[in-house]
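Asks: Provided below are the primary sequence and the corresponding predicted coordinates.
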Amino acid sequence: MKELARETMKRKCQEHQEMEKTTQMNQQMFSKEASHTLNKDGQEAAKQNQMKAAKKPRRVPEKSFDFSLTIGIPGENVDGKVFDLLVNWLEYRAEMAVLALERGDTFLQLHVQGMVRIKTSSTRILKRKIKEVIGWESNGPVGASVCLKTLHYTGLHTVIGLIGYCLKDEGAPHFKFYSKNVSEEQKAEGSHMHSIYGASEYKHKLELTPANILDRALQFRKYGVKNPLSITFRRCIVEMIRSGQYIPGFRWLTTAKISKLRAEWIWHACTSPHSIEVPNVEAIFFGVETPARYLETEEDKTSAGDEDAKIHEDRELARLSRPGDEDRELAGQDRESRPAHDEETITVIKLEKPVNSGADIHTLREALLEDGFAVAMKTTMKEENPMDHIPDYFRLWD
């Protein structure tokens, strides 16, 4: 009995030990599978987090940049309210700013031009913010644009250069100006730099030179004249200059000795194109500084045949440009009071007082031409100012 009981106890102990081993083995297997599963899930979660981070925009710290700013609408003027809204925003947002409401050189449309130093993370974000400030983000004008360019600090594309550019319309009725953290010295330096190195106001006009004047005139006659069949070459040049699209080039002065009178008339054509007449065109392009030969004697005899060509030219000039009644009064005497003279007699009229304006001289000459005379005049020219011509004599003949 004792042996049987001992074997039974021994068998039970073995079974218990086997059960414990089995349990330990199962626990080990479960822990390995669990750890493997956990590691796999963790790796997948890490990958997903990395993908989310890649899709998420990286926040770039804001830095200060210098931008040139242009706001415009093709074919339309920018409203002054846009300028005011932008000024209010730049007052607390910009570190430095210059803003101007000015007219363009080509189409003369009002637009906003400026330079801003401002903190931003990208040009795209700043442009979107400016559109939001001026109300153009969703319902802006058709074709309206906000142009931002980072300064490259060469030529006039610098802070001082843009300050001077924004001041180029100073004094004009449409001009508006705003500046922040800009000194008067910087404004003066910018204006001086732009006056020296800035683009000329004639950069969009065509220059008439001896090489191209005929081609330009024929082109203008074809497309820019209402009655092309009746216009003369000289009158065509007058209309070209008056249109404001053409200017006489200073190549007409490249001779051995520059004519002061011709230089002044070229200057007059560039600055006051609407007042140009045929005599001015003759003086500039054809070298006719005095319309004909002049005589200093009170009376002289000459052959009418020698003057036929010039008389015909002067009368054609009188037909093309006829002055009004007020201009006729400048002739100095009425037709009734003028002394009679025959066809071969040249009458010289000495003026009682000088005429200091070149425009008045030609008005007086045209008035005499209107009355049926061919005219030549002798003038005295002041050296210090070639425009101050003093006509001494006028020569008249039928």
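Replies: The structure has been received and is ready for your questions.

Asks: and this protein, what are its domain boundaries?
Replies: The record's domain parsing of the chain by automatic domain parsing lists 63-197, 205-289, 295-398.

Asks: which one of these has the lowest average pLDDT?
Replies: Lowest mean pLDDT of those: domain 295-398, a mean of 46.

Asks: so how far does stretch 218-238 reach from one end to the other?
Replies: 13 Å (Cα to Cα, to the nearest Å).

Asks: contacts for that stretch?
Replies: With Cβ atoms under 8 Å, 6 or more residues apart in numbering as the test, stretch 218-238 has contacts from 208, 213, 217, 239-240, 243, 246, 276-278, 280-282, 285, 316, 320. For the C-beta atoms, the positions are set from N, CA and C on the backbone; glycine is no exception.

Asks: same deal with stretch 78-92?
Replies: By Cβ under 8 Å, 6+ apart, stretch 78-92 touches 71-72, 97, 99, 101, 109-112, 116, 118, 130, 133-135, 176, 178, 180.

Asks: could I get it in PDB with only the CA atoms?
Replies: Output of stretch 78-92 as PDB, limited to C-alpha atoms (Å, rounded to 0.1, in the frame of the first residue of the first chain):
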ATOM      1  CA  VAL A  78      -6.300 102.900 -59.600                       C
ATOM      2  CA  ASP A  79      -8.700 104.400 -57.100                       C
ATOM      3  CA  GLY A  80      -7.200 106.600 -54.400                       C
ATOM      4  CA  LYS A  81      -8.900 104.500 -51.800                       C
ATOM      5  CA  VAL A  82      -6.500 101.700 -52.600                       C
ATOM      6  CA  PHE A  83      -3.600 104.000 -51.800                       C
ATOM      7  CA  ASP A  84      -5.200 105.000 -48.500                       C
ATOM      8  CA  LEU A  85      -6.000 101.400 -47.400                       C
ATOM      9  CA  LEU A  86      -2.500 100.300 -48.100                       C
ATOM     10  CA  VAL A  87      -1.100 103.300 -46.200                       C
ATOM     11  CA  ASN A  88      -3.100 102.400 -43.100                       C
ATOM     12  CA  TRP A  89      -1.900  98.800 -43.200                       C
ATOM     13  CA  LEU A  90       1.800  99.700 -43.800                       C
ATOM     14  CA  GLU A  91       1.700 102.200 -40.900                       C
ATOM     15  CA  TYR A  92       1.700  99.400 -38.300                       C
END
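
Asks: all strands of the stretch 151-300 of the chain, in order?
Replies: Applying DSSP state E, counting those that start in this stretch to the stretch 151-300 of the chain gives strands spanning 176-180, 206-208, 246-248, 299-301.

Asks: what does the stretch 1-150 of the chain give?
Replies: 63-72, 96-103, 110-120, 145-150.

Asks: picking that back up, make a ChimeraX selection of the buried ones in the contacts of stretch 78-92.
Replies: Selecting the buried subset of these in ChimeraX, with 16 or more other Cβ atoms under 10 Å as the burial test, is done by:
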select :71,72,97,99,101,110,111,112,116,118,130,133,134,176,178,180
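
Asks: to what extent is the closest residue to Cys166 other than its chain neighbours buried, counted in neighbours?
Replies: Of all residues not flanking Cys166 in the chain, Ala100 sits nearest, at 3.9 Å (Cβ to Cβ, 6 or more residues apart in numbering). Counted with other Cβ atoms under 10 Å, residues neighbouring Ala100 total 23.

Asks: do the one 3 residues further on as well
Replies: Arg103 has 16 neighbouring residues, counting by other Cβ under 10 Å.

Asks: quick check: the closest residue to Ala217 other than its chain neighbours vs Met9, distance?
Replies: Closest residue to Ala217 apart from its sequence neighbours, by Cβ to Cβ, 6+ apart: Cys236 at 4.9 Å. Distance, Cys236 to Met9, by Cβ to Cβ, to the nearest Å: 137 Å.

Asks: same check on Tyr223?
Replies: Tyr223 sits 127 Å away from Met9, going by Cβ to Cβ.

Asks: just Tyr92 next, same as before
Replies: Separation of Tyr92 from Met9 (Cβ to Cβ): 94 Å.

Asks: quick one, which of the two is more surrounded?
Replies: More neighbours surround Met9 than the other of Tyr92 and Met9, with 10 against 7 (other Cβ under 10 Å).

Asks: may I see the strands of the stretch 1-150 of the chain organised as a markdown table, with distance to Gln17 added?
Replies: A markdown table is the format used below for the strands of the stretch 1-150 of the chain (distance: least, Cβ to Cβ, whole Å):
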| stretch | distance to Gln17 |
| --- | --- |
| strand 63-72 | 75 |
| strand 96-103 | 88 |
| strand 110-120 | 77 |
| strand 145-150 | 82 |
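
Asks: which one, of those, ends up nearest to Cys270?
Replies: Proximity to Cys270 (Cβ to Cβ) singles out strand 96-103 among the strands of the stretch 1-150 of the chain, at 18.8 Å.

Asks: other SSEs contacting that closest one?
Replies: Secondary-structure packing of strand 96-103 (3 or more Cβ pairs under 8 Å, 6 or more residues apart in numbering; DSSP states H and E): helix 80-93, strand 110-120, helix 159-166, strand 176-180.

Asks: nearest to Phe67, out of the ones you listed?
Replies: strand 110-120 (5.3 Å).

Asks: can you list contacts of the closest one?
Replies: Residues outside strand 110-120 that contact it (Cβ under 8 Å, 6+ apart) are 62-73, 77-78, 82-83, 86, 90, 93-104, 126, 151, 159, 162-163, 165-166, 174.
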